[in-house]
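Colleague: show me the folded form of this:
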Amino acid sequence: MVDIHIIAIAGGSCSGKTRLARYTCEALNDSRGDEVCTVLRQDNYYLDLGGVQPGQPLPNFDHPKAFDWDLFLKHLRLLKSGQAVDIPTYDFTTHRRTDITKRVVPKPIILIEGILILSQDRLLPAFDYKFFVACQQDTRIDRRIRRDVEERGRTVSCIQDQFTRDVAPMHEKFVEPSKHNADIIITQDQCALETIMQDGPLVALCKSLLDKNILPKDLLGREILSH
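Modeller: Prediction:
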């Protein structure tokens, strides 16, 4: 059986963790000429809000209670054991799970990406390595505005209100403290991830695991600063 390594990539909303995970996975697959990496996103595990009536206030989407952690952990364990899983698809415009599922087949490298994955104690044993992407709040909110306007059809004022009301407080309460559970903290200046993506600790770690090499002694347990 092929060794399966599960690597967590956490960080605040729009910190660059999704981009880092996607780039790393594509780079590994391209360089090996085979699918050796796949990505699993926490955002797929939002709870279905079908019971919320029109006009009712929506829950805080940045609070741990907004996610189906039982299913998330079940899928992590199945993937680690070499079994494929069918992950839910979440519609951010209706706040509902769709009828469509996506099959994820385990690969030697599985990158798990999400804002709260290092805040949940019961998930930590499932991760072989843990990264945290740190980023300034001003940069994160600018990115979130661009993303939510383009992809989720929301207004700028609505996005700013939600960030102030929900995102920022939950970041301080749950996300920021969780970086102490990380093996590596990637600190960015203005969220410039290009250097980190191309020649950073995540890529180095994955290549070492795939080649079954001894990890560099200074790779884990440190803070990486991008310039």
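Colleague: ok, and what's touching stretch 31-38?
Modeller: 24-25, 28-29, 104-111, 206, 210 (C-beta atoms under 8 Å, 6 or more residues apart in numbering). Every C-beta, even on glycine, is put in place using the N, C-alpha and C of the backbone.
Colleague: most surrounded residue in the residues you listed?
Modeller: The most crowded member of the contacts of stretch 31-38, judged by other C-beta atoms under 10 Å, is Ile109 (27 neighbours).
Colleague: pLDDT score assigned to the residue nearest to that one when sequence neighbours are not counted?
Modeller: With C-beta to C-beta, 6 or more residues apart in numbering as the criterion, Ile109 has its nearest non-adjacent residue at 4.1 Å, and that residue is Cys37. As predicted, Cys37 sits at a pLDDT of 98.
Colleague: give me the neighbour count for Cys37.
Modeller: With other C-beta under 10 Å as criterion, Cys37 counts 22.
Colleague: phi first, then psi, for it.
Modeller: phi -140, psi 150 (degrees, to the nearest 10).
Colleague: picking that back up, out of the contacts of stretch 31-38, which sit inside strands?
Modeller: 104, 109-111 (DSSP state E).
Colleague: quick one: which two of those residues are the most distant?
Modeller: Val104 and Ile109 (12.7 Å; C-beta to C-beta).
Colleague: next up, the contacts around Val175.
Modeller: Going by C-beta under 8 Å, 6+ apart, Val175 touches 10-12, 62, 115-116, 119.
Colleague: for these, which one is nearest Met170?
Modeller: Asp62 (3.7 Å).
Colleague: run through this protein and note the low-pLDDT ranges.
Modeller: 1, 51-57, 188-199, 214-227 (pLDDT under 70).
Colleague: and Asn60, how many residues sit next to it?
Modeller: When counting by other C-beta under 10 Å, one arrives at 15 neighbours for Asn60.
Colleague: in strands only, show me the contacts of Val175.
Modeller: 10-11.
Colleague: for PyMOL, what selects the buried ones among the contacts of Val175?
Modeller: Burial among those is assessed by 16 or more other C-beta atoms under 10 Å; the matching PyMOL selection reads:
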select buried, resi 10+11+12+62+115+116+119
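Colleague: same list (the contacts of Val175) but as TSV, adding distance to Glu151.
Modeller: Shown next, in TSV, are the contacts of Val175 (distance: C-beta to C-beta, whole Å):
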residue	distance to Glu151
Ala10	21
Gly11	19
Gly12	18
Asp62	17
Ile115	17
Leu116	20
Ser119	25
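Colleague: beta partners of the residue nearest in space to the middle of the chain?
Modeller: Nearest to the mean C-alpha position of the chain, counting by C-alpha atoms, centre = their mean, stands Glu113 at 1.7 Å. Counting by DSSP bridges, Glu113 forms beta bridges with Ile9, Arg41.
Colleague: sounds good, over and out.
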